[in-house]
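Novice: Curious how this folds, go ahead:
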Amino acid sequence: MAAETPTSTVLTAPESTFWADADRHLVRYGGGFTREIIERAAGSFVYTADGRKILDFTSGQMSAILGHSHPAIVETVQRQIATLDHLYSGMLSRPVVDLARRIAETLPAPLEKALLLTTGAESNEAAIRMAKLVTGKHEIVSFARSWHGMTQAAASATYSTGRKGYGPSAPGNFAIPVPNAYRPDFTTPDGELDWRRQLDFAFDLIDAQSTGSLAACLVEPILSSGGIIEPPPGYFAALQRKCRERGMLLILDEAQTGLCRTGTWYAFERDGVVPDILTLSKTLGAGLPLAAVLTSAEIEQAAYERGFLFFTTHVSDPLVAAVGNTVLDVLTRDRLDERARGLGAFLRSGLADMAARHEVIGDIRGRGLLVGLELVVDRETKQSSDELGARVTRRCLELGLHMNIVQLPGMGGVFRIAPPLTATEDELVLGLSILDTAIGEANAAL
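Specialist: Numbering: from 1, shown residues only. Below is the predicted model of the structure:
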């Protein structure tokens, strides 16, 4: 008699038990958890255990650019996991080499060498490590409202939050001010942001503090966790010149802006600059853990000759590489860069109409389907209110819209609006309608 095949049993605990278990056993890693049990997700929506349908205006963790459970991604995962999922890190597979080549084909020269990893923090860690090795220097410059990850070097280059209480960061990390046109610190006679003077001042301070060991500048083309701050045209070309003058490498972190999110394949395309090192993550895996570091053959060769080491358990994993190839297939086939531009314009228009009705909307900014909406209690003074942002966020969720808000000192609550590139106009209209209602109700209750 043949032995019975073991089966797994999934027990669905009552909601009260679920939250009791969560409260007892989970480490709280970033504030409180959203008090919804998510059972499944599809397209632009997540679905809760009690039957609620919630529009996801954050694409998961700003990553699911093809929406949730995209059929092509599902098919790839099912096929690939049945044939080749994980290998010894020194072995190569076709999905890995194909993805490296195909990413390079989307980029300008000389970015042609790829290292495939898992997360944004890991890709930034590798990029910083490579920059330090190649230059023989160790100092890293980043924006004062940056977010590059939670591992050591990446966290040391992160200034938007999370720095207090953990002891010394990596030595040689410096912050420069963010060129925020809505809240300018250096101004022209007419009150506009004078970013050239700000940048000159920033590097005067860097030069004064540096020990002569400036290795790289690591920045985001659009600061997301910093409040969707987009430096003005011309800024990155000037920043690159500052780097060249000091023998520094320019590293651009396109975790959230890469792969069509902003209406072009890469956000840096607007500025006519090419970084020495580019890091990708979030959008590359469309929600699965996949990241990449891209650089030139010259830098890769120098790193190799100096013994570059970044040997991790999941480097060059075939399963997620296959997913990355499918992401590129869908982005290309469906022209999602064009779609992001069109939907982004539609979204901005709806938000502008909303701003005409709500005085608490101080600023609308961003590009493509990465849009920031800053709330203030006074447009003239730009006075912020944490309470207003919290009220709107809470009310949106109650009405069926998940929003992500950034609240930083000196800024109002800034909503990071980043729906999937596959969202429909009807879904955007639904989200705008809920947000409109939530803002009106929250403001009235203050």
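Novice: So what does the residue lying closest to Glu425 once chain neighbours are set aside have for phi and psi?
Specialist: Counting by C-beta to C-beta, 6 or more residues apart in numbering, Glu425 lies nearest to Phe346, which is 5.9 Å off, once chain neighbours are set aside. Where you see a C-beta, it was placed from the backbone N, CA and C, and this is true even at glycine. Note on Phe346: backbone dihedrals following degrees, to the nearest 10 are phi -60, psi -40.
Novice: I'd assumed Glu427 was in contact with Phe346.
Specialist: No: using C-beta atoms under 8 Å, Phe346 is not in contact with Glu427, being 10.9 Å away.
Novice: what residue ranges in the stretch 201-350 of the chain score low on pLDDT?
Specialist: Residue ranges of the stretch 201-350 of the chain with pLDDT under 70: none are present.
Novice: The residue nearest to the spatial centre of the chain: what's it in contact with?
Specialist: Residue closest to the average C-alpha location in the chain (C-alpha atoms, centre = their mean): Gln256, at 2.9 Å. In this structure, Gln256 makes contact with 62, 220, 222, 224, 282-283, 370, 418, judged by C-beta atoms under 8 Å, 6 or more residues apart in numbering.
Novice: Which ones among the residues you listed map onto helices?
Specialist: Met62 (DSSP state H).
Novice: just the helices in the protein please.
Specialist: So, for the chain - with DSSP H - the helices run 15-25, 59-62, 71-81, 94-105, 120-135, 152-156, 195-209, 235-245, 297-305, 318-333, 336-357, 386-399, 425-445.
Novice: which one of Phe346 and Glu427 has more residues nearby?
Specialist: Remark: of Phe346 and Glu427, Glu427 carries more neighbours, 20 against 16, as counted by other C-beta atoms under 10 Å.
Novice: what about the more buried one, distance to Pro184?
Specialist: Applying C-beta to C-beta, to the nearest Å, the value for Glu427 to Pro184 is 35 Å.
Novice: Ala144 now?
Specialist: Taking C-beta to C-beta, one finds Ala144 at 14 Å from Pro184.
Novice: Quick one: mean pLDDT over stretch 427-434.
Specialist: Per-residue pLDDT over stretch 427-434 has a mean of 98.
Novice: Other residues contacting it?
Specialist: With contact meaning C-beta under 8 Å, 6+ apart, stretch 427-434 is reached by 44, 55, 57, 343, 346-347, 350-351, 354, 396, 399-401, 417, 419.
Novice: Mind checking which of these are buried?
Specialist: Among those, those classed as buried by neighbour count (16 or more other C-beta atoms under 10 Å) are 44, 55, 57, 343, 346-347, 350-351, 354, 396, 399, 401, 417, 419.
Novice: Closest to Glu230 out of those residues?
Specialist: Set against Glu230, the nearest of the buried ones among the contacts of stretch 427-434 by C-beta to C-beta is Ile417 (13.8 Å).
Novice: Enumerate the beta-bridge partners assigned to the closest one.
Specialist: Val371 (DSSP bridges).
Novice: show me the contacts for it.
Specialist: Contacts of Ile417 (C-beta under 8 Å, 6+ apart): 57-58, 347, 351, 366, 369-373, 403, 431.
Novice: Could you do Ala131 as well?
Specialist: Ala131 touches 140, 215-216, 249, 251, 276-277, counting by C-beta under 8 Å, 6+ apart.
Novice: repeat that with 6 Å
Specialist: Contacts for Ala131 (C-beta atoms under 6 Å, 6 or more residues apart in numbering) come out as 215-216, 249.
Novice: can these go into TSV with extra columns for distance to Glu359 and neighbour count?
Specialist: Shown next, in TSV, are the contacts of Ala131 (distance: C-beta to C-beta, whole Å; neighbours: other C-beta atoms under 10 Å):
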residue	distance to Glu359	neighbour count
Ala215	46	24
Ala216	43	27
Leu249	45	25
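Novice: Go through those and flag which are in strands.
Specialist: Cross-referencing these against strands under DSSP state E gives 215-216, 249.
Novice: Tell me the one of the residues you listed nearest Gln407?
Specialist: Ala216 (29.5 Å).
Novice: Could you point out the bridge partners of that closest one in the sheet?
Specialist: Beta-bridge partners for Ala216, by DSSP bridges, are Ile140, Leu249.
Novice: Give me the distance between it and Gln240.
Specialist: Ala216 sits 12 Å away from Gln240, going by C-beta to C-beta.
Novice: Next: Val414.
Specialist: Counting by C-beta to C-beta, the gap from Val414 to Gln240 is 27 Å.
Novice: the more surrounded of the two?
Specialist: Ranked by neighbour count (other C-beta under 10 Å), Val414 and Gln240 place Val414 first, with 28 against 21.
Novice: Phi, psi for the nearest residue to that one once chain neighbours are set aside please.
Specialist: Leaving out its chain neighbours, the residue that sits closest to Val414 by C-beta to C-beta, 6+ apart is Gly227, at 4.1 Å. Main-chain torsions, Gly227, degrees, to the nearest 10: phi 110, psi 30.
Novice: Can you get me a residue count around Gly227?
Specialist: Neighbours of Gly227 under the rule other C-beta under 10 Å: 27.
Novice: Hmm, it is touching Ile405, no?
Specialist: No: look at Gly227 against Ile405 with C-beta atoms under 6 Å: they stay out of range, at 9.9 Å.
Novice: Pick the one among the contacts of Ile417 closest to His148.
Specialist: Leu370 (16.9 Å).
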